[in-house]
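*Asks:* Next come a sequence and a model predicted from it.
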Amino acid sequence: MARVNPGFLEEVRRSDEFNASSCMNCGVCSAVCHMGIELLPRKLFRYVLLGLKDKVLENKETVFSCLLCKQCEVNCPAQVHIAENVRSLRYYMNKKVFKH
Amino acid sequence: MPLPIGDTIGILADNLRLRKSVLPISAKGASRWAKGLGLPRGGETVLYTGLMYQLIPYITAMSASQEKVEDSFLAGMVGLGRQVNRLVSISAFMARPPAAVKEQYDKVLRDIAGLLRTAGVEFGYLYGDELYSGALIYDLGGDDLFADHARLVYDTFRKHGVKNVITVDPHTTNMLRSVYPSLIKGYDLKVRSYLEVLAQADLRPVRELGTEVVLHDSCVYARYENVLDPQRTLLARAGCAVREPGESGVFTHCCGGPAESLFPRKARQVAGERVEQLQEAGGRGVTMCPICLVNLRKASGPDLDLQDISGYLSRAYGA
């Protein structure tokens, strides 16, 4: 059973740049991803918004595989700051998981 | 077993913290390209390489070592490697590029400096004081370390009285033009890519190249910095017929390079897909980013002629 951490979003969000909630789950990002990452960013951002911290941490490889190339972002109809949101997750993992 | 993410980032971060670059390179090695050019030290306008082209031979050698480690028992020893690397640079042992490869990338910088001189631009260089921009650590989410490093880079420019910076690659351009200003209060450097500078100059070709080329836009130039016209203008003026691959301009296909440090195999796969698009478009491949160049070359082998744009421009506009 998934455990919900209601404070997780605030832990990840560093500024208003983190706008995962703008995602309307249309799937364009997954369709155009050169890495073929099905998970990013739709499900991943939803996990953050729902406070599913464990689910996010299970996907370290996905988070760090992103090329930050912004192909998804220029195609996103909701202007989600996908690359910056992914970098926020990386920052979180560096601080909280890898202890850098 | 894939490369452990935390420890691999840790090695790169430790290198930046301790040695001021993600891969150690001596000040002498980094400024070797400028030997004999007589560039003034510092000045209001400087050519800033950000060490990117100089680092490419080391990144290539390092990446080859990483590919061997990836999915082998050695991947489990990266954590130990990180401990050792804090005391002695293991990257220096793992990455020993041949002199001929280093010379190839030094030539890119000499060509760029020559083009700027031909265009009548007066500029200096920081030689051994020049630092890496920290781009990779920023991309990997090491923001606290990156912020400290960015401050160090900015202070170095200020110490030399620099006001205008001419960059040579998209990643460094993005860091100095778009990222540093958000971190450093009072940031006042004017930053332009050499391609932008040359395109605005009244530069006329001394040789018509008459070549068909297929342009690989860098994601960072295209989608972060909106640098799309200068490269096309300069190549067209030089007499090149510019062909566009399947995905181009603002929708350019990534070279896979950003995944290189952690997932070399995935990076090669993405590069392979892009190489196919370039081959389908025909012509000789032209890049404008050292990361793109090395990653696409690795995937294409001898099947596709891939060159940095500076070589074409130098042949067309050079004295």
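*Replies:* Happy to help now that I have it.
*Asks:* Might you enumerate the residues of the stretch 51-200 of chain B proximal to chain A?
*Replies:* Within the stretch 51-200 of chain B, the residues that sit near chain A (CB under 8 Å from any CB of the partner chain) are B:Tyr138, B:Asp139, B:Leu140, B:Gly141, B:Gly142, B:Asp143, B:Leu145. C-betas here are computed from N, CA, C, even on glycine.
*Asks:* and the helix or strand B:Arg265 falls within, what other elements does it pack with?
*Replies:* According to DSSP states H and E, B:Arg265 maps onto helix B:264-281. Using 3 or more CB pairs under 8 Å, 6 or more residues apart in numbering or on different chains; DSSP states H and E as the contact test, the elements touching helix B:264-281 are helix B:52-69, helix B:290-300.
*Asks:* Can you name the element that comes right after the helix or strand containing A:Leu9?
*Replies:* Applying DSSP H and E as the criterion places A:Leu9 in helix A:8-12. Downstream of helix A:8-12, the next assigned helix or strand under DSSP H and E is helix A:28-32.
*Asks:* So what touches that following helix?
*Replies:* Residues outside helix A:28-32 that contact it (CB atoms under 8 Å, 6 or more residues apart in numbering or on different chains): A:37-42, A:71-73, A:75-77, A:80, A:82.
*Asks:* related to what we said a few turns ago, list just the nearest of the residues of the stretch 51-200 of chain B next to chain A to B:Val286.
*Replies:* Each of those was scored against B:Val286 by CB to CB, and B:Asp139 proved nearest at 24.1 Å.
*Asks:* Report the buried residues of stretch A:55-63.
*Replies:* Across stretch A:55-63, burial judged by 16 or more other CB atoms under 10 Å in any protein chain shown covers A:Lys55, A:Val56, A:Asn59, A:Lys60, A:Thr62, A:Val63.
*Asks:* Please disregard the earlier target; I meant stretch A:31-39.
*Replies:* For stretch A:31-39, by 16+ other CB under 10 Å, it's A:Cys33, A:His34, A:Met35, A:Ile37, A:Leu39.
*Asks:* can you check stretch B:225-234 too?
*Replies:* Counting neighbours by 16+ other CB under 10 Å, the buried set in stretch B:225-234 is B:Glu225, B:Val227, B:Leu228, B:Pro230, B:Gln231, B:Arg232, B:Thr233, B:Leu234.
*Asks:* and if you look at stretch A:76-91?
*Replies:* Residues of stretch A:76-91 classed as buried: A:76, A:80-91 (neighbour count, 16+ other CB under 10 Å).
*Asks:* so which of the residues you listed are also by chain B?
*Replies:* A:Arg87, A:Ser88, A:Leu89, A:Arg90, A:Tyr91.
*Asks:* Is the fourth one part of a helix or strand, or is it coil?
*Replies:* Of the three states, A:Arg90 takes helix under DSSP: H, G, I helix; E, B strand; the rest coil.
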